[in-house]
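Undergrad: fold the following, please.
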Amino acid sequence: MRLVPYDPVRMAPGPVQALLAEAAFPPTADRAAALLAATYTRPKVTLYLVYEAQELVGLIGLHRTGRDRGEVTHIAVQPGRRRQGARSAMLLELRHHLGLRELVAETDGESLGFYRRCGFEVRSLGETYPGVERFLCRLADPLA
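TA: Sure thing, here's the model as predicted:
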């Protein structure tokens, strides 16, 4: 796997926007376009495209919160590559590539199984939106 920071000047936004829409709420092209324009143009926030050979496998957004710490903002895998370990491999590659000792993610109940299988500790944040419980997932090296 190869991580490539998204560069809107050099890269076509169409495929990236379509994939990001699947990780956004609401999952629409307009929401994805807004994220690319607002979130992924901020300092310390990067959208990484993940390739195997020349194929775009997925994407993972990261907000650097410290020298060796970060927060996953979005993660998505191409439909044909799902349930094959690509998301967990992307997290591992991101940690290795950037030297991250701690990684956190905020998610809903739908993704909890994934984060638990990857070794994240999970705690409830309660209902941050009416009727929607959110969770904080944290993965850290034992010495962190």
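
Undergrad: contacts and neighbour counts: CA atoms only from here.
TA: OK.

Undergrad: need the single longest strand in this structure, by residues.
TA: strand 55-66 (DSSP state E).

Undergrad: for that strand, the distance to its chain's centre please.
TA: 5 Å (Cα atoms, centre = their mean, to the nearest Å).

Undergrad: buried residues in that strand?
TA: 56-64 (16 or more other Cα atoms under 10 Å).

Undergrad: show residues contacting that strand.
TA: For strand 55-66, contacts defined as Cα atoms under 8 Å, 6 or more residues apart in numbering pick out 16, 19-20, 44-51, 70-78, 81, 86-87, 90.

Undergrad: whichever of the residues you listed end up buried, select them in ChimeraX.
TA: To isolate the buried ones among those in ChimeraX, judged by 16+ other Cα under 10 Å, type:
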select :16,19,20,45,46,47,48,49,50,51,70,71,72,73,74,75,76,77,86,87,90
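
Undergrad: now, which of the contacts of strand 55-66 lie within strands?
TA: Among the contacts of strand 55-66, the ones falling in strands (DSSP E) are 45-51, 70-77.

Undergrad: are we agreed that residue 119 is in a helix?
TA: No. Read with DSSP: H, G, I helix; E, B strand; the rest coil, residue 119 is coil and lies in no helix.

Undergrad: neighbours around it, how many?
TA: 13 (other Cα atoms under 10 Å).

Undergrad: show me the helices in the chain, by range?
TA: Using DSSP state H, the helices found in the chain span residues 13-21, 29-38, 86-98, 112-117.

Undergrad: mind checking how far the closest residue to residue 95 other than its chain neighbours is from residue 141?
TA: Closest residue to residue 95 apart from its sequence neighbours, by Cα to Cα, 6 or more residues apart in numbering: residue 101 at 7.2 Å. To residue 141, residue 101 is 5 Å away according to Cα to Cα, to the nearest Å.

Undergrad: which of these two has more residues huddled nearby?
TA: For residue 101 versus residue 141, the count of surrounding residues by other Cα under 10 Å is larger for residue 101: 18 against 9.

Undergrad: quick check on the more buried one: phi, psi?
TA: phi -100, psi -20 (degrees, to the nearest 10).
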